[in-house]
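Asks: Predicted model and sequence below, questions to follow.
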Amino acid sequence: MINQKFLIYLSATVTSCITLAVIVKKSTLKRNLYFIISIFFMLLTLISCSEKIVSGKYQTNFNTYGMFSRTLTLDCNGNAILNFRGDLQNNNSFGNWKTDKDTLVIFFDSVKNRNNKYQGELKFLIKRNKLENPPFPKKKYYELVESLKKTGNDTLKILSYRKLNKMMNQNMKNHYGKIGKQYFKKIEFIECK
């Protein structure tokens, strides 16, 4: 289905191309340049208005500690399977997924599937063909700072929001022992009909 915003952008781009061609009839070089620029902006609006296709198979970009990896399969009908494997473990967690703007929300029902390793809700940011962990919410950070100040404990050092967010997103080690940012990358496309 074509999005209504897309049709508005497309009609605006086409009318601007026509007006540019009419205004710049004198010089063919200028006309060609304006035509190329207008085609570029039309393609840019097509890309920016296209819906993100989330369904597919994702895998972590590296194995944690050289042996633990996760694979996430998102079906077209809203079902999700998160597979955790490594070190003699192989566990499938079943759930449902939905998108909320640029966020993927996966809900694991532990009552329906008692063998789920993952429970509750997982959220990921959708960035092209990657699913990244969302940043630590500033509201929760300020609540944490206030609760630490209320305790009156001077021995605890409060990290800045930037350092805390970096620490929360880069906590996995690869098989070389280096810490890196772990995310899901798309390895297989599933076409929905």
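Replies: The structure has been received and is ready for your questions. Numbers count the residues shown, from 1 in each chain.

Asks: can you tell me how far E146 sits from L125?
Replies: As judged by CB to CB, to the nearest Å, E146 and L125 stand 26 Å apart. Using the backbone N, CA and C atoms, a C-beta is placed for each residue, glycine as well.

Asks: Neighbour count for these two, which is higher?
Replies: More crowded of E146 and L125, by other CB atoms under 10 Å: L125, with 15 against 9.

Asks: Nearest residue to the more buried one in space, ignoring adjacent ones along the chain?
Replies: Taking CB to CB, 6 or more residues apart in numbering as the measure, L125 lies nearest to E132, with 4.7 Å between them; neighbours along the chain are not counted.

Asks: ok, that neighbour to D87 distance?
Replies: Between E132 and D87 the distance is 25 Å, computed by CB to CB.

Asks: Same question for Q182.
Replies: With distances defined as CB to CB, the gap from Q182 to D87 amounts to 17 Å.

Asks: Looking only at neighbour counts, state which of these two leads.
Replies: Q182 (20 against 9).

Asks: okay, the closest residue to the more buried one other than its chain neighbours: pLDDT?
Replies: In space, and not counting its chain neighbours, Q182 is closest to M172: 4.2 Å by CB to CB, 6+ apart. Reading off the confidence values, M172 has pLDDT 70.

Asks: Export the biggest strand by length in the chain to CSV, keeping only CA atoms.
Replies: Once the chain is assigned using DSSP state E, the strand that runs over the most residues is strand 89-100. These are the backbone C-alpha positions of strand 89-100, laid out as CSV (Å, rounded to 0.1, in the frame of the first residue of the first chain):
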residue,chain,number,x,y,z
GLN,A,89,22.6,-24.5,25.7
ASN,A,90,20.0,-24.1,23.0
ASN,A,91,16.8,-22.4,24.1
ASN,A,92,14.0,-20.9,22.0
SER,A,93,11.8,-18.2,23.5
PHE,A,94,8.5,-17.6,21.8
GLY,A,95,6.7,-14.2,21.7
ASN,A,96,4.9,-11.6,19.7
TRP,A,97,6.4,-8.4,18.1
LYS,A,98,5.1,-5.0,17.0
THR,A,99,6.7,-1.8,15.9
ASP,A,100,6.1,1.6,17.5
